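1. Structure for this input, please:
(2 chains)
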Amino acid sequence: MSSPEEEFFETEYYEEVILDQWTVRGIVTTMVPLLAILSILQMVSGTVLETFEDQLLANPSLLILVPVMIGTAGNLGSIMCSRLSTQLHLGTLEFTPENRAIRSNAGAVIGLAATVFVLLGLGAWGIGRALGGTLALWEVMLISVISGMLLAVFVVVVSLGAVWASFRLGHDPDDTTIPVVTNVCDITGVLILFGVVAVVL
Amino acid sequence: MSAHETVGDVYRQSLPVILVSLVAGLFAGTILGTDTMRNGIESVPGLLLLLPAFLATRGGVYGSLGARLSSGLHQGLIEPYFSRDKRITNAIVASFINGMVVSVFIAVVAFAVLIGLGRSGSLLELVGIMVIAGFLSAVMMLLVLLSVIFIGYRRGLDPDNVIGPVVTTVGDVFGVAFLLVGVYLVGLVL
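-> Numbers count the residues shown, from 1 in each chain, chains lettered A, B, ... in the order given. From the prediction side, this is the model:
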């Protein structure tokens, strides 16, 4: 008698579904279309950067803000979404403002953003100065903190909306929501950053 | 996970990941802000245009490889050692192909957008830079990611917790650095 485990490895399900997920063709044909769509979407951020090229080249502090903004936006989005979707799976999530899980997650995202963007303001100003930039500390700090806090509010709203929508539509938020929200937040991060740059400078 | 975590609990749990990505972003930003890179941005039209897509797809390609290897380890489908195991080599080859195909694709799309914006640019130059940067980051990401996942797993670390920070850090810092190498090498030829 073979064990249930050994039997499992002989089933058609195993052969066709599990092994197929590990073929070069399977992985490439699933991933390339997603990555292609992602690249096209990211051209929105790219176009914004290209439009602000002169200002970015003149002020290295602004260039330094870009990768952090992109990285932090996606990170905050994925923290918020993955925690909300875990709580949804555990059955402890209700979509009311009184819900403790929503309040702690939203509060934490705002707090994390405040921490990161104050540190980023200091860092980007200091490094920018060392690289020959001329922006004042208050200018870099203002840009970093205002865009960071706007981003945090956006992340909270979009994550809540996305998890709620995927729950309503009957999708597992882990599969679809996180990649979508992460990329939407990345792109919005750059848009917010340069919206604020345009107003402040 | 408790249902009643406070703001402070969530903040403390998430802070390390966010700080790691802040430091990585500052490194990447510093490379972007150097004179050499700024000259590169100035002399290569379209470089800023493809930057976000290039950085985002590093995460997509290697983050998904990490997640795949991690699930494979948890399911017992693969062993945490460098070997000629069919699944591991398939996953590595596929990620390499994904990385290269997408890098070339980004160069072509960026060129199309550049033309659409009414600017001029060189398709050959952008493709050359992306092939070099894509290849170098593939080699670096595969080496670092496989080592961290396998060695970490053997020592009892859950790969799911380390993949995100590793991909972000290595991807951003080396991504920008290799873009610079690409600009330099293509500049020598063209």
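2. any idea which residue sits dead centre in chain A?
-> Nearest to the mean C-alpha position of chain A, counting by CA atoms, centre = their mean, stands residue A:74 at 1.5 Å.
3. what's near enough to touch that one?
-> For residue A:74, the contacting residues are A:182, A:183, A:185, A:186, A:189, B:59, by CB atoms under 8 Å, 6 or more residues apart in numbering or on different chains. Any C-beta I mention is one placed from the backbone N, CA and C, and that applies to glycine too.
4. Most neighbours among those residues, which one is it?
-> Neighbour counts for the contacts of residue A:74 (other CB atoms under 10 Å in any protein chain shown) peak at residue A:189, which has 29 neighbours.
5. Tell me how far the closest residue to that one other than its chain neighbours lies from residue A:93.
-> Leaving out its chain neighbours, the residue that sits closest to residue A:189 by CB to CB, 6 or more residues apart in numbering or on different chains is residue A:73, at 3.2 Å. Distance, residue A:73 to residue A:93, using CB to CB, to the nearest Å: 23 Å.
6. In terms of packing, which of those two has more residues around it?
-> Neighbour count, other CB under 10 Å: between residue A:73 and residue A:93, residue A:73 has more, with 29 against 22.
7. about what we covered before: check the contacts of residue A:74 against residue B:77 and report the nearest one.
-> Of all the contacts of residue A:74, residue B:77 sits closest to residue B:59, with 23.6 Å by CB to CB.
8. where does that closest one land on pLDDT?
-> Among the per-residue scores, residue B:59 shows a pLDDT of 82.
9. Under a three-state scheme, what state does it occupy?
-> The three-state label for residue B:59, taken from DSSP: H, G, I helix; E, B strand; the rest coil, comes out as helix.
10. re earlier: which of the contacts of residue A:74 fall in helices?
-> Of the positions in the contacts of residue A:74, A:182, A:183, A:185, A:186, A:189, B:59 sit in helices, assigned by DSSP state H.
11. Looking at the residues you listed, spot the one nearest residue B:142.
-> Out of the ones in helices among the contacts of residue A:74, the member with the shortest distance to residue B:142 (by CB to CB) is residue B:59, at 14.5 Å.
12. Next up, the contacts around that closest one.
-> A:74, B:167, B:168, B:171.
13. go with 6 Å
-> By CB atoms under 6 Å, 6 or more residues apart in numbering or on different chains, the contact set of residue B:59 is B:167, B:171.
14. in stretch B:37-50, what's buried?
-> Within stretch B:37-50, the residues that qualify as buried are B:37, B:38, B:40, B:41, B:44, B:45, B:46, B:47, B:48, B:49, B:50, counting by 16 or more other CB atoms under 10 Å in any protein chain shown.
15. Now render these as a markdown table, adding pLDDT, distance to residue A:130 and secondary structure.
-> Formatted as a markdown table, the entries for the buried residues of stretch B:37-50 read as follows, by pLDDT from 0 to 100; distance: CB to CB, whole Å; DSSP: H, G, I helix; E, B strand; the rest coil:
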| residue | pLDDT | distance to residue A:130 | secondary structure |
| --- | --- | --- | --- |
| B:37 | 93 | 14 | helix |
| B:38 | 94 | 14 | helix |
| B:40 | 93 | 19 | helix |
| B:41 | 94 | 18 | helix |
| B:44 | 94 | 24 | coil |
| B:45 | 94 | 28 | coil |
| B:46 | 95 | 28 | coil |
| B:47 | 95 | 23 | helix |
| B:48 | 95 | 22 | helix |
| B:49 | 95 | 27 | helix |
| B:50 | 95 | 27 | helix |
